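>>> here is my input; please provide its structure:
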Amino acid sequence: MTQQQTGFAFPSGVTEPEYDLWSDGVDIDPTGVFSELSETDAAWRAKARKFVLNEVKDDIHEYWDKADYPLHLVKKLGDADLLRDGLKIEGREEMSPLAAGLINMEMARGDGSVATIIGVQGGLALRSVIYCGSPKQIAKYGMPMLAGELPGAFALTEPTHGSDSVSLETVARKVEGGYAISGEKKWIGNGSIGGVSIVWARDEEGKVRGFIVHQEAEGYRATNIENKLSLRAIWQAHIRMDEVFVPDEDVLPEANSFKDTSRVLFATRLGVAWAAVGHATACYESAVNYAKQRIQFGRPLAASQIVQERLARMQSELATIQLLVMQATKRDASGQLTGPQASLAKFTATRTARSVASNARDLLGGNGILTSNRVARHFADVEAIHTYEGTETVQALIMGRNITGISAFA
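The predicted structure is shown next:
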């Protein structure tokens, strides 16, 4: 009914405007740390950003809301050669450690679940095959993983051994023609979607070994973990294995101790730090855009001193972790990065990203809890990366041991 029909004058300002929180008009490089990227590294970053804008931006919040996995993106990421996480693959264009970090950053800037797809598929599963597999295994499993045609999972974490992964209890018993694996794994990304899982288990001699396990194998049962608050657009599984047969040809020949497992994990730790930078970037640029567009008390939020102080603090925190991960990546590229330095990068980047996300969520007020408004998803997702690949406490213990020379584990 119109105003004339009702005789009632509707007040102005009832309909809230739509906010463009994805605008590229925000300076997200306050110290110019990315201004001198090589042409190749800059091109990888641009490719990742283009992928996010074309394939992720418009509907990812719907997948996130429904806890649905956009499985079609795995193949598209493979087609774009974005699943590699810096691995050197014969016949493929060079992807430096910095390029891999920038890709992780841009993907997390778009969405945490999509960034995790790369971390699981390329950073962990594919890397396990490339580092520890035979040439035949690399051709049979690694190349389809790289192409996004074969989903890959990294099955290390157990229900009762999260950060204490050295104490894993999954066992691999030698049988004729292979091994029979029994045990449970939890929080395994891609562990339930019909591909292969790289399962880490102890053999009868107590050695930690790596096995390529087909998810359709008899005795392999995987259920998706429900009621997650974070990373809702990728499925993590609780896996139960009861005498799952793995033929000798699917045993990774170079995976014979936890040192081999750690080699894979070490190579991915900086990726998590870069993802934290991506989440912080998304929250910061969303907060700046919102502060300029939101009218409160007759003026933009950005005209308030307290808002400008908060944005300045967020910019300072973002710049800090950008510089930190860039320096750590330089050391990684030269082969000088140490375990404690990687832990420092992960520890600082994720806890700082939490601070930026918290400020952004608060600055958006009630709009900050709407998943369609971008910040809420990053606010939730950064909680997951703060935990996985080693909790803050574990990273602190690694750093503390390096600082004092005394191990405080256990």
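
>>> packing partners for the helix or strand Arg354 falls within?
According to DSSP states H and E, Arg354 maps onto helix 339-363. Contact here means 3 or more Cβ pairs under 8 Å, 6 or more residues apart in numbering; DSSP states H and E; on that basis helix 339-363 packs against helix 258-293, helix 305-333, helix 375-387, helix 392-404. Any C-beta I mention is one placed from the backbone N, CA and C, and that applies to glycine too.

>>> that one: how far from the chain's middle?
Taking Cα atoms, centre = their mean, to the nearest Å, the mean C-alpha location of helix 339-363 is offset from the chain mean by 14 Å.

>>> may I see the buried residues of that helix?
Buried positions in helix 339-363, judged by neighbour count with 16 or more other Cβ atoms under 10 Å: 340-354, 356-361, 363.

>>> ok so, going back, now the helices and strands packed on helix 339-363 in CSV, with distance to Asp248 and mean neighbour count?
What follows is the helices and strands packed on helix 339-363, written out as CSV (distance: least, Cβ to Cβ, whole Å; neighbours: other Cβ atoms under 10 Å):
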stretch, distance to Asp248, mean neighbour count
helix 258-293, 18, 24
helix 305-333, 35, 17
helix 375-387, 36, 24
helix 392-404, 34, 16
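
>>> do you know which of those helices lies nearest Ala67?
When these are ranked by distance to Ala67, counting by Cβ to Cβ, first place goes to helix 375-387 at 12.0 Å.

>>> from the contact counts, what lies against the closest one?
helix 60-66, helix 112-118, helix 258-293, helix 339-363.

>>> what do you get if the cut-off is 10 Å, keeping everything else the same?
Packing contacts for helix 375-387, counted by 3 or more Cβ pairs under 10 Å, 6 or more residues apart in numbering; DSSP states H and E, involve helix 60-66, helix 97-110, helix 112-118, helix 258-293, helix 339-363, helix 392-404.

>>> pLDDT weak spots in the stretch 101-250 of the chain?
162-165 (pLDDT under 70).

>>> what is the rounded mean pLDDT of stretch 319-331?
For stretch 319-331, the mean per-residue pLDDT is 97.

>>> please apply the same query to stretch 77-87.
Stretch 77-87 comes out at a mean pLDDT of 95.

>>> using PDB, write down the CA coordinates of it.
What follows is stretch 77-87, C-alpha atoms only, in PDB (Å, rounded to 0.1, in the frame of the first residue of the first chain):
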ATOM      1  CA  LEU A  77      42.100 -25.200  -8.400                       C
ATOM      2  CA  GLY A  78      43.900 -28.100 -10.100                       C
ATOM      3  CA  ASP A  79      43.200 -26.600 -13.500                       C
ATOM      4  CA  ALA A  80      44.700 -23.300 -12.400                       C
ATOM      5  CA  ASP A  81      47.700 -25.100 -10.900                       C
ATOM      6  CA  LEU A  82      47.000 -23.600  -7.500                       C
ATOM      7  CA  LEU A  83      47.100 -26.900  -5.500                       C
ATOM      8  CA  ARG A  84      50.900 -27.200  -5.500                       C
ATOM      9  CA  ASP A  85      51.900 -25.300  -2.400                       C
ATOM     10  CA  GLY A  86      55.300 -24.500  -3.700                       C
ATOM     11  CA  LEU A  87      56.300 -28.100  -4.700                       C
END
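
>>> list the buried residues for that stretch?
Within stretch 77-87, the residues that count as buried by 16+ other Cβ under 10 Å are Leu77, Gly78, Ala80, Asp81, Leu82, Leu83, Arg84, Asp85, Gly86, Leu87.

>>> same question for stretch 185-198.
Buried-residue list, stretch 185-198, by 16+ other Cβ under 10 Å: 185-193, 195-198.

>>> what's the closest of those to Asn367?
For those, the nearest to Asn367 is Gly189 (30.0 Å; Cβ to Cβ).

>>> coming back round to it: redo the helices and strands packed on helix 375-387 as JSON lines? Include distance to Leu231.
Below are the helices and strands packed on helix 375-387 laid out as JSON lines (distance: least, Cβ to Cβ, whole Å):
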{"stretch": "helix 60-66", "distance to Leu231": "9"}
{"stretch": "helix 97-110", "distance to Leu231": "11"}
{"stretch": "helix 112-118", "distance to Leu231": "5"}
{"stretch": "helix 258-293", "distance to Leu231": "11"}
{"stretch": "helix 339-363", "distance to Leu231": "14"}
{"stretch": "helix 392-404", "distance to Leu231": "17"}
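
>>> out of these, which is closest to Asn227?
helix 60-66 (13.4 Å).

>>> from the contact counts, what lies against that closest one?
Right, helix 60-66 is packed against helix 112-118, helix 375-387 by 3+ Cβ pairs under 10 Å, 6+ apart.

>>> quick one: closest of those to Asn289.
helix 375-387 (10.3 Å).

>>> tell me the mean pLDDT over that closest one?
When pLDDT is averaged over helix 375-387, the result is 93.

>>> tell me which residues touch the spatially most central residue of the chain, please.
In the chain, the C-alpha nearest the mean C-alpha coordinate belongs to Thr116, at 3.4 Å (Cα atoms, centre = their mean). By Cβ atoms under 10 Å, 6 or more residues apart in numbering, Thr116 lies in contact with 104, 107-108, 123, 189-190, 230-231, 233-234, 236, 272, 275, 381, 384-385, 388.

>>> and Pro151, by the same measure?
Counting by Cβ under 10 Å, 6+ apart, the residues that Pro151 touches are 71, 74-75, 117, 120-121, 125, 144-145, 189-197, 215.

>>> so how far is Val114 from it?
14 Å (Cβ to Cβ, to the nearest Å).

>>> re earlier: now the helix holding Arg354 against helix 375-387, angle please.
160 degrees (axes from the mean of the first three to the mean of the last three Cα atoms, to 10 degrees).

>>> isn't Val196 right up against Glu149?
No - when contacts are counted by Cβ atoms under 10 Å, Val196 is not listed as touching Glu149 (11.6 Å).

>>> what sits against the closest residue to Leu156 other than its chain neighbours?
Nearest residue to Leu156, sequence neighbours excluded (Cβ to Cβ, 6 or more residues apart in numbering): Trp200, at 4.8 Å. Going by Cβ under 10 Å, 6+ apart, Trp200 touches 128, 154-158, 165, 168, 170, 172, 183, 185, 208-211, 252, 255, 258, 260-261, 264.

>>> please repeat the previous calculation with a cut-off of 6 Å.
Leu156, Val208, Gly210, Thr261 (Cβ atoms under 6 Å, 6 or more residues apart in numbering).

>>> before we move on, back to that, so which of the contacts of Pro151 sit within helices?
Val74, Lys75, Ile117, Pro144, Met145 (DSSP state H).
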